[in-house]
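Visitor: could you work out the structure for the sequence below:
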Amino acid sequence: MDFWEPYISDDWPQTQPDTEGREFDWFCLDQAGHVGVFCSAGSGPVPEAVFQGGVERYNELLAFLSAREQLGAELVFNGRENYQDWERYAKYGLYAFDFQDVHRSSAKKRHGYDLIYRPKQPLMASELPEDLRAALLVVGVVFGEGNLVPTEQLSSR
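Guide: Below you'll find the predicted structure:
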């Protein structure tokens with residue numbers, strides 16, 4: 001899927017195994033009402049509740065983001081790759097995470113999603129239309145309090 005293009009309904013994953021081996025970006029809220037995006041890198045865990053939101057809500061959120069003004073973003077991850085996609089998400093107000101464990105040896109795995117970019121002005125749940133806000137999973141962390149969301153924190157509300 002190209003960045004910001006609607007997700008094709010026939011290709012929408014129904015379960016975690018449907019995302020294995022392909023990039024899947026998913027969205028959620030934290031305990032403080034910030035919006036985050038998690039890029040699975042083809043092997044990162046995706047909570048089952050994400051699939052229940054459906055492709056319509058997913059595409060609605062992409063359209064909502066596209067209509068927003070871009071603001072500043074801060075790179076917080078110390079890596080050597082091109083993080084342009086994460087920067088773009090962050091400029092629209094999202095905390096942008098990636099499953100970097102896919103690139104790590106077993107001994108260096110962090111068992112979570114690493115924060116890549118932090119928005120200068122976070123998008124808050126209260127700014128979302130009610131149907132979008134209600135469709136998003138709420139995870140048990142606050143995104144700005146650290147640079148890792150452990151996989152065990154990615155359970156349903």
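Visitor: read off the pLDDT value for Ser156.
Guide: The pLDDT attached to Ser156 in the predicted structure is 51.
Visitor: err, Phe51, not the other one
Guide: The model's pLDDT for Phe51 equals 90.
Visitor: what does Ala134 give?
Guide: pLDDT, read off for Ala134, is 93.
Visitor: wait, is it part of a helix?
Guide: Yes: with DSSP: H, G, I helix; E, B strand; the rest coil as the criterion, Ala134 is assigned to a helix.
Visitor: longest strand anywhere in the protein?
Guide: Counting residues, the longest strand found in the chain (DSSP state E) is strand 112-119.
Visitor: so what are the sheet partners of that one and their directions?
Guide: strand 73-75 (antiparallel), strand 95-98 (antiparallel), strand 148-150 (antiparallel) (DSSP bridges).
Visitor: of all those, which one is nearest Cys39?
Guide: strand 95-98 (4.6 Å; Cβ to Cβ). Every residue, glycine included, has its C-beta placed from N, CA and C.
Visitor: need the contact partners of the closest one.
Guide: For strand 95-98, contacts defined as Cβ atoms under 8 Å, 6 or more residues apart in numbering pick out 30, 34-39, 41, 44, 73, 77, 85-87, 89-90, 113-119, 122, 143-144, 149.
Visitor: this protein: helices as residue ranges?
Guide: 48-52, 54-66, 84-91, 130-135 (DSSP state H).
Visitor: now, of those helices, which is deepest in the fold?
Guide: When these are scored by mean count of other Cβ atoms under 10 Å, the highest mean neighbour count falls to helix 84-91 (a mean of 21).
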